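K.L.:
next come a sequence and a model predicted from it.
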Amino acid sequence: MNALKRYWWLILLAAIAVYPVIGKPSPYRSGLLIFAGIYIILAVGLDLLMGYTGQISVGHAAFFAVGAYTSGILTAKYGFSPAAAMGVGVVFSATLAFLTGRPVLALKEYYLAMATLAFNEIVVTLIIGFEGLTGGASGLRDIPPFTIFGFSLLNHLHYYYFVWTVVVLVIASSIAVVRSPFGRALIAIHSDEQAARSFGVDCAKYKTRAYMLAAVYASIAGSLFAHYMGFIAPDDFGILTSINLLVMLFLGGIGTIFGPALGALFLKLLPEITYQFQDYELLINGIILIVVLVFFPRGLFGIFTALRNKIVPRMGK
Amino acid sequence: MKRFVFSVFVLMVFVALVAAGPAWSKEPIKIGGIFSLTGYLSWLGEYKKKAAELKVEMINQAGGVNGQQLVLISYDDNSSPEQASKVAQRLISKDQVVAMAGTASVPLSGAVASMANRYKIPTIINSGYAVDTSKDPYLFNTSHKTDFAVITAYKVFQKKGIKKLALLMPIGPLGEIGGTAARKYAAEYGVTIVGEEKFDVKAADVTAQLAKIRNMNPQAIFAFVTGEPAALIGRNMDQLSFKVPLLVSHGNANPGFLKLVSNVRTQMLVPSGKVMKPEALPDSDPTKKVIVEFNKKHIAKYKEPANYFSAELADAIDLIAEGLRTSGTTDPVKLRDAIENIKGFVGMQGIYTFTPKDHHGTRPDDMILLTVKAGKWEVPK
Amino acid sequence: MSDISHLVQFLFSGITVGSVYALIAVSLVIVYKVSQLICFAQGEFFVFGALTMTTLVSKGVPVPLAFFLSIIIAMALGALIQQVLIRPMKNTSVGALIVMTIAISLALRGLALLIWGRESHVLPPFSRGEPIQVLGAALQLQILWIVGITTVVLFLIWFFFEKTPAGIAMRACAENPYGASLMGINTQKTTLVAWAWGSGIGALAGMAVAPMLFTQYTSGIMPMVKGFIAMSIGGLGSIVGSVIAGLLLGLVESYTIGLISSKFSDTIVFALLMAVLVFRPNGLFSRS
Amino acid sequence: MMEKNGHILTISGVTKTFDGVRALDDVSFSVRSGDIKALIGPNGAGKTTLLNAVSGLNPPTKGSVLFEGRDVVGLRTDQIASLGMSRTFQLIRLFTINNATVLDNVLLGAHMHLRPTLLETVFLRGRIKRQEREATAKAMDLLKLVGIEKEAHALPGELSFGSQRLLELARALMTGPRMLLLDEPASGLNDAEVEEFTRLLMTIKQQGITILIVEHNMKLVMNIADDIIVLDFGRKLAEGPPSAICANPDVIEAYLGAQSKECGVTQ
């Protein structure tokens, strides 16, 4: 039983792998899970930055945009292979995060929130402004599907496996990060920056690194998004998307990696039910979020762990 | 503990609802509808949805198509390309529609186009999106080309001697498209573009741009924009006592716009389909009959006349039905070919003749230029 | 039109928009000063104020009465939200509070959609009349109303915080909540009052500008973001700072559009904001 | 780097002003390698300000701080810490976010030796794990030394106040410092705990670690200090061995007063 408690995620992994075989999902169903997977990558990255390092970002969609547009432009206009374009996007996002990280992350709380929001807006207005390159507000079209070693991932199940492999890698590496000396430094920064500094943690450097990692994840998510959609427009990368990511974090349970992943999954599947409510959808979404925040401060993942502990009795630490 | 049990219950219900989904019988022919019912384009989504539903009803009452009834399955795209892409995929793969209709903006159309082409589902959009048949073989558009709107206005300008035109374009897709079209035909109709300014559609005030434009001494202003920003420009022009006509986009040919400009004195010029002014059409115009008939039913059902958006959707459904009729199958690829072969079909937006190179089908003559006088649409003299 | 009249026109345009930003920023500051919380739902009070008044006026309620009724309704709504939803959220992280107010704004927006539908609503101007010509530029009468209302509100705030016992208590509360509670000041109550004030002023901003705009259920997002920017530029806790910053923001926008580029005006505004945050993190007008 | 004349820390002319107020005014003294030096004085005398100035949390306005012969003024806190100087805080500052345990807190002390990079963390798991095992063993030893090894997996918040102080000490020791700055480590401890703590400090001293301690408990100070410096209103009032300080009339007037009895007890 103790093993079940420790290795429950293996069951999850198996479920991800087996779902297409047993569930025989339509392209729509797998499409939903592909979008959910992309948002999980974004949310997990943001969790490293917000949940672990304690740095608020209301502009994370900026890096999502950078990844998507780098991939989109390089493949649709310059004939790059998708994998190469994704790599360029990663390098570009990491560089951008490196350059902006120090000055921006020196700010705290609301000021940081404001600066990241501004960063998001700047990226979006530049995308709209340089329409020759980006397609402007009308969007960028003709982005080819993803290919690896000449093998096209146009088939929805192939892409499902591809995206979810990335999801698993991102979650696994995030857990490796937070359960390592590196993650401990991040947590120390989150707890008490001055005290962390007194123990040799170069806070600016570690914050910037966490920011870069989150940016890299977001960029990868952006590339995956662009190749799946085949078309991207600035509307999907604005502040509203960034705010949605925040909501995913808190809905799922911030600072737990799995929580934000769960939050992303939930929020991306929720419209499947609430679309029927039409005009009431917005109100209902707001109320669901309020209820979770007030009554379940640890989010959906808190509910999940409580459930797990109920089923598997405590075995001691 | 109670809270815990409750949350488990909620979670299970959630999963069950997602898993179940609605079940449809196989009988009727399914057509997908994609409408912006929430988000910033939600004000026009409703018009389109209503018209599409009415048209399907009318076709079914007349016995359906090839003996089968039509059914419209429609979803909200939240005015977001991502959601539009998602619902398009849902319609294609889950609901297995034979064709789709709808969308409200260029980015939304782009997102849907990508899915339509990938899964080879004929789709009739209606927005400023210019269909390039070499890239979008499965896409058709019942919205008049922006070029036609510009040409329609320029013809009137030529008659009235308006030669100097200033552009006030929104930052965004419409501005990009409108500006391009305005420049393309300027020389042909003897119009000079004296300058261009841009503005943010969310702005509360555009007097700064208008002040600059006034310095250019134009005889008219062209703002290819829809809804509130269009009315806002008119109102700001009133405030500056800047008395030249304001040409706006054909997306304003709807009753909501009349309400918005009820207090505006600036002369608004709105290119439109003939649907907005059927009484001004000669009886010889074949579209008149179609418009009058649909309008009658629209008023009966919704207590308001059809508008430009309604006409776009009514025609979209009609064209799909026509394609189904002529091809006799529900195979989407054959349906596409059938729609592409439609010639001389009389709709509300005009007479459609598609070719492998032209998926808009309508002509400049299918548009008229309207103005607002005393809360009513008028044809300017 | 001469160059001067151009510049004057940009000035009017900037002051109009700037006043709205300033009012929203002030409403944010008042709540922030007392409860160290930035309410992301402030834009929704803007919408509720404008739409409530539009509805009342269209139902034949006289303008002054509609004006006060709308403010009172917004204040009550703000106080209710504070009591029911914000109070239980004590001792949570800034992030959680931000998300909570976002949740509230979603719910309020949803509510506005149900009450007023999707279409835009127009409020007639407070007074009818031709725009005044100043140096060749047109000045709308409603701008005078907006500037007047802003001035009165600022005076009332000053009077309240400086001259009334309740206001002085609130200031004490803002500076040192613990000390204030020792002095027997009811921090609960002052927070509640601050929320009511904040919501009222947010609504007021919406009402003042409603005749110049078209208001619908999503109209609150942009004023909220811009008000937030004004607040950050002015320094989070400073009423005077945020008023100046709000006006300045409006003017920068208007002159950027007029003299530089309308295409990148938003890029410039946001870049300016980032520069202020990075180089003057306590606001443009802070002393240290 | 060699220290000057056996002095591990030499502070000269350190001045710190806040908004024009001099919290520290031209303070100079040095600490001999291997000593325990106590810093005493009334509240507001500038003791914590001085520790912050030395450790870089709040650098001095003027003056120099030589640690092992190197001027550390102008270095960042984390750089100073990495040179081998560690500290505890007057108000306990433990890491509590994300369920960080007692052990995690101590392990953070090893940060400057591990200096984990992101790429290593993601791609060189084996190496990180080996380092982590070694660090954990050392951390457990230190927890045993301070006597809270049983609570290694508890959350810091679950510890008693005294144990939290001990945890702070263990965390500081984990950095492998050559010098420790302790800010009122015994405040809030009961008599038994103070006695235990005194023994612990002597053990640490025997390991060759120099200690600069700010403390109000004169009994503790008199028991352990090799040398004492007294601050009053930001100025150095007196400096010397415990016996001389106890006898100094200025010190008695400015600070010791009633406590001079305790001072006498140890003589």
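P.N.:
Looks like it came in fine.

K.L.:
residue contacts, the nearest residue to residue B:207 once chain neighbours are set aside?
P.N.:
The shortest distance from residue B:207 to any non-neighbouring residue, by C-beta to C-beta, 6 or more residues apart in numbering or on different chains, is to residue C:13 (4.5 Å). Yep, even glycine has a C-beta here, placed from its N, CA and C like the rest. With contacts defined as C-beta atoms under 8 Å, 6 or more residues apart in numbering or on different chains, the neighbours of residue C:13 are B:205, B:207, B:208, B:211, C:250, C:254, C:258.

K.L.:
pLDDT score for residue C:13?
P.N.:
Looking at residue C:13, its pLDDT is 82.

K.L.:
ok, stretch C:197-211 near chain B or not?
P.N.:
Yes: contact between stretch C:197-211 and chain B, assessed by C-beta under 8 Å from any C-beta of the partner chain, occurs at residue C:209.

K.L.:
the residue in the stretch 1-150 of chain C positioned nearest to chain D: neighbouring residues, count only.
P.N.:
Minimum separation of the stretch 1-150 of chain C from chain D (C-beta to the nearest C-beta) falls at residue C:93, amounting to 9.5 Å. Residues near residue C:93, counting by other C-beta atoms under 10 Å in any protein chain shown, number 20.

K.L.:
need phi/psi at it.
P.N.:
phi -70, psi 160 (degrees, to the nearest 10).

K.L.:
from residue A:249, how far out is it?
P.N.:
11 Å (C-beta to C-beta, to the nearest Å).

K.L.:
again with residue C:266
P.N.:
Residue C:266 is 27 Å from residue A:249, by C-beta to C-beta.

K.L.:
likewise residue B:294?
P.N.:
For residue B:294 relative to residue A:249 (C-beta to C-beta), the value is 49 Å.

K.L.:
now swap in residue B:228 and tell me
P.N.:
For residue B:228 relative to residue A:249 (C-beta to C-beta), the value is 34 Å.

K.L.:
show me which of the two is the more surrounded one.
P.N.:
Neighbours per residue (other C-beta under 10 Å) separate residue B:228 from residue A:249, with residue A:249 holding more: 28 against 22.

K.L.:
for my notes, confirm the more buried one occurs in a helix.
P.N.:
Yes: using DSSP: H, G, I helix; E, B strand; the rest coil, the assignment for residue A:249 is a helix.

K.L.:
need phi/psi at residue D:241.
P.N.:
Dihedral angles (degrees, to the nearest 10) for residue D:241: phi -70, psi 160.

K.L.:
which pLDDT value belongs to the nearest residue to it once chain neighbours are set aside?
P.N.:
Once flanking residues are discounted, residue D:241 sits nearest to residue D:227: 6.1 Å by C-beta to C-beta, 6+ apart. Looking at residue D:227, its pLDDT is 88.

K.L.:
now the stretch 251-381 of chain B, which segments are flagged as low pLDDT?
P.N.:
Applying pLDDT under 70 to the stretch 251-381 of chain B picks out no residues at all.

K.L.:
where do the helices sit along it?
P.N.:
Secondary structure of the stretch 251-381 of chain B by DSSP state H, counting those that start in this stretch: the helices cover B:255-260, B:286-302, B:308-327, B:332-340.

K.L.:
deepest of those helices, which one?
P.N.:
When you average the neighbours per residue for each of the helices of the stretch 251-381 of chain B (mean count of other C-beta atoms under 10 Å in any protein chain shown), helix B:308-327 leads with a mean of 25.

K.L.:
quick one, it and helix B:332-340 angle?
P.N.:
Relative orientation of helix B:308-327 versus helix B:332-340 (axes from the mean of the first three to the mean of the last three C-alpha atoms, to 10 degrees): 110 degrees.

K.L.:
tell me which parts of the stretch 51-200 of chain C are close to chain A?
P.N.:
Residues of the stretch 51-200 of chain C lying near chain A (C-beta under 8 Å from any C-beta): C:85, C:88-89, C:92, C:94-96, C:98-100, C:102-111, C:113-114.

K.L.:
list only buried entries from the residues you listed.
P.N.:
Listed as buried from these are C:85, C:89, C:94-96, C:98-100, C:102-111, C:113; burial here means 16 or more other C-beta atoms under 10 Å in any protein chain shown.

K.L.:
taking the residues you listed one by one, which sit in strands?
P.N.:
Among those, no member falls in strands (DSSP state E).

K.L.:
which of these fall in helices?
P.N.:
C:94-96, C:98-100, C:102-111, C:113 (DSSP state H).

K.L.:
now, which of these lie close to chain B?
P.N.:
residue C:113.

K.L.:
which parts of the stretch 201-317 of chain A sit against chain C?
P.N.:
A:239, A:243, A:246-247, A:249-250, A:254, A:279-287, A:289-290, A:293-294, A:297.

K.L.:
same check on the stretch 101-250 of chain B?
P.N.:
Counting by C-beta under 8 Å from any C-beta, the residues of the stretch 101-250 of chain B near chain C are B:171, B:197-200, B:202-205, B:207-209, B:211-212, B:214-215, B:227-228, B:231-232, B:235, B:239-241.

K.L.:
cutoff 6 Å now
P.N.:
Residues of the stretch 101-250 of chain B lying near chain C by C-beta under 6 Å from any C-beta of the partner chain: B:197-199, B:202, B:204-205, B:207-209, B:211, B:214-215, B:228, B:239-240.

K.L.:
nearest to residue C:124, of these?
P.N.:
Minimum distance to residue C:124 across those is 14.6 Å, recorded for residue B:239 (C-beta to C-beta).

K.L.:
any weak-confidence spans in the chain?
P.N.:
Using chain A. In chain A (pLDDT under 70), the answer is A:1-6, A:275-278, A:312-317.

K.L.:
not quite, I wanted chain C
P.N.:
In chain C (pLDDT under 70), the answer is C:1-3, C:91, C:174-185, C:261-263, C:286-288.

K.L.:
mind telling me what element the residue nearest to residue B:207 is part of?
P.N.:
Using DSSP states H and E, residue C:13 sits within helix C:3-35.

K.L.:
my guess is the residue nearest to residue D:241 meets residue D:39, correct?
P.N.:
No: using C-beta atoms under 6 Å, residue D:227 makes no contact with residue D:39, being 10.1 Å away.

K.L.:
quick one: which of these two has more around it?
P.N.:
residue D:39 (26 against 19).

K.L.:
help me confirm that that one is found in a strand?
P.N.:
Yes: when three-state DSSP is applied, residue D:39 is found to be in a strand.

K.L.:
can you tell me the closest non-neighbouring residue to it?
P.N.:
Once flanking residues are discounted, residue D:39 sits nearest to residue D:214: 4.7 Å by C-beta to C-beta, 6+ apart.
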